[in-house]
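> I'll drop the sequence and a predicted model, then ask my questions.
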Amino acid sequence: MTTLAITGGTVLLPDATVTRADVLVDRSAGEILEIGDDLGADADETLDATESLVTPGFVNGHCHVAMTLLRGYADDKALDAWLREDIWPVEAELTADSVRAGTELGVLEMIKSGTTAFADMYFFVPTIADVVDEAGLRARLGHGVISVAKDEDEAREDAREGLAVAEEIDGMADGRISSAFMPHSLTTVDGQYLSEFVSEARELGVPLHYHANETEDEVTPIVEEHGVRPLAYAAEKGMLEPEDFIAHGVHVDESEIGLLAEAGTSVIHCPASNMKLASGMAPVERMREAGVTVGLGTDGAASNNDLSMLDEARDAAMLGKLAADDASAVPAEAVVDMLTGATADAIGLESGRLEAGAPADLAVIDLEKPHLTPAHDLVSHLAYAAAAADVRHTVCDGRVLMRDREVLTLDEAAVRDRAREEAAALVDRAES
Ligand SMILES: N[C@@H](CCSC[C@H]1O[C@@H](n2cnc3c(=O)[nH]cnc32)[C@H](O)[C@@H]1O)C(=O)O
Ligand SMILES: [Zn+2]
């Protein structure tokens, strides 16, 4: 066994209290061995955490990571027009190389902002898995299945690819990679394919992840066609199980919140994307009160426009209060849970908590900053004041991915160069 010690810091514990302690990690098992005093002396590797907060690595519950290539390409539009007029035409020109470049850029940004695990729906998933493996992160990945604008053969082929990918990548990278079956949404995948393929996903034993109730425009056609609310329709299709997690859940009514609570299906709240596309305000406080596990995600960088979970946490708190018309709604402690353990639970990972036996996924935040002074309450600082650039070190599965802001698993300058080149070539292809 070789060990890593994170020494001299203040550690955020699962009960949302903080304590002065060292963290000792078994690097080979990728697990936390102990949290306590003076654990650094015999460690094989040490990370300095003085004047710093050691937190669980942040968990991004919903992303399209390679969309970093489209950051700033099309802004200031509502979801449906944005997807159909701007995003989908460019995505039609994606290649494995462009997805590799966009994913490298995205995971670089994640590591630099303290994220150690994420869930992702996109194209060329084996390529994404490859990058995640090399970069050292943890992820639950899936191929986004769409049937609109496809004939029956193409739609079936897309769904089959979704299943095949889920089977192929599950357990890769020493188990750091897991998978899910990911129909894009309840309106972009026709009901006949949901009926056909959801049961096959169950046989594979993988969870489902899909966009649901993101905009009013997604609710109305389902109510008109099927006579029930979208999540009642999802339940009829067998798509609300405890391991499943939906993205957004903005326009959910009380009956749907009840369905989620009863089924144990989680919701990934994406406040920045919801605000930017003017999709609406998710009833986060009401869902939490009903016992729904609410996690947090950035969505793709083209609708955010960054992948920082600390930004997302602050947005979740702010928007949650506004939505509830109550300043005590979505308090700091809830937001910090959404940043870490709640999202890990939602997407079915063991990380998100610093305790003996847990995965050694953590971030170290530099507190020697004007905007983090004084430190009355570190949970408050994490929810409201800390920013991506305050992250000093990032560790996933016991491996140091970033030390003193230097990313060790990716060549940052080369990743930026490749992303610039691939983004330019992609847009050229789409616009020529
Ligand atoms: N195989 C599918 C790919 C779907 S990947 C997932 C898709 O979700 C899109 N996307 C990104 N953000 C959002 C959002 O907020 N709501 C719905 N879709 C989104 C993204 O651009 C991508 O096209 C196909 O043939 O088109
Ligand atoms: Zn999305």
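Received, thanks. Ligands and ions are numbered 1, 2, ... in the order given.

> how many neighbours does A96 have?
Neighbour count for A96, taken as other Cβ atoms under 10 Å: 13. C-beta here means a position set from N, CA and C on the backbone, and glycine is covered the same way.

> and what of A356?
12.

> could you list every residue that touches it?
Going by Cβ atoms under 8 Å, 6 or more residues apart in numbering, A356 touches I32, L33, E34, I35.

> any idea how far L186 is from the last one?
Here the criterion is Cβ to Cβ, to the nearest Å. By it, I35 lies 43 Å from L186.

> In the stretch 301-432 of the chain, which residue sits nearest ligand 1?
Ligand 1 sits closest to S303 of the stretch 301-432 of the chain, with a gap of 5.4 Å, by Cβ to the nearest ligand atom.

> ugh, wrong one, the stretch 1-150 of the chain
G144 (2.5 Å).

> returning to what we had before: could you tell me which of the contacts of A356 count as buried?
Applying 16 or more other Cβ atoms under 10 Å to these, the neighbour count classes I32, L33, E34, I35 as buried.

> can you pull out the strands in the stretch 1-150 of the chain?
Using DSSP state E, counting those that start in this stretch, the strands of the stretch 1-150 of the chain run over 3-12, 18-26, 31-36, 45-48, 52-56, 58-63, 115-122, 138-145.

> and among these, the most buried is which?
Most buried of the strands of the stretch 1-150 of the chain by mean neighbour count (mean count of other Cβ atoms under 10 Å) is strand 58-63; its value is a mean of 31.

> got a list of contacts for it?
For strand 58-63, contacts defined as Cβ under 8 Å, 6+ apart pick out 106, 110, 113-121, 209, 245, 247-248, 266, 268, 270, 295-300, 307, 309-310, 312, 339-340, 343-344, 346-347, 349, 351-352, 363.

> so which of these also contact ligand 1?
M121, D299, G300 (Cβ under 6 Å from any ligand atom).

> Could you pull out the helices in the stretch 51-200 of the chain for me?
For the stretch 51-200 of the chain, the helices defined by DSSP state H, counting those that start in this stretch cover 79-81, 88-91, 96-112, 125-135, 152-169, 191-204.

> Mean neighbour count, these: which tops it?
Across these, averaging neighbours per residue (mean count of other Cβ under 10 Å) puts helix 96-112 on top, at a mean of 25.

> pLDDT on it, on average?
Mean pLDDT, computed over helix 96-112, is 98.

> Report the inter-axis angle for that helix versus strand 138-145.
Put simply, helix 96-112 runs at 140 degrees to strand 138-145, going by axes from the mean of the first three to the mean of the last three Cα atoms, to 10 degrees.

> what distance separates helix 96-112 from the middle of the whole chain?
Distance of helix 96-112 from its chain centroid, counting by Cα atoms, centre = their mean, to the nearest Å, is 14 Å.

> Strand 58-63 and that helix, what's the angle between them?
150 degrees.

> what are the bridge partners for H209, then?
F245 (DSSP bridges).

> give the contact list for it.
Residues near H209 by Cβ under 8 Å, 6+ apart: 62, 119, 121, 140, 142, 180-182, 244-247, 347.

> Against ligand 1, how distant is it?
Using Cβ to the nearest ligand atom, to the nearest Å, H209 is found at 11 Å from ligand 1.

> For the contacts of H209, give me a markdown table that also has pLDDT and distance to N274.
Compiled in a markdown table, the contacts of H209 are given as follows (pLDDT from 0 to 100; distance: Cβ to Cβ, whole Å):
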| residue | pLDDT | distance to N274 |
| --- | --- | --- |
| H62 | 98 | 11 |
| A119 | 98 | 17 |
| M121 | 98 | 17 |
| R140 | 98 | 22 |
| G142 | 98 | 21 |
| A180 | 98 | 22 |
| F181 | 98 | 24 |
| M182 | 98 | 19 |
| D244 | 98 | 20 |
| F245 | 99 | 16 |
| I246 | 98 | 13 |
| A247 | 98 | 10 |
| I347 | 98 | 19 |
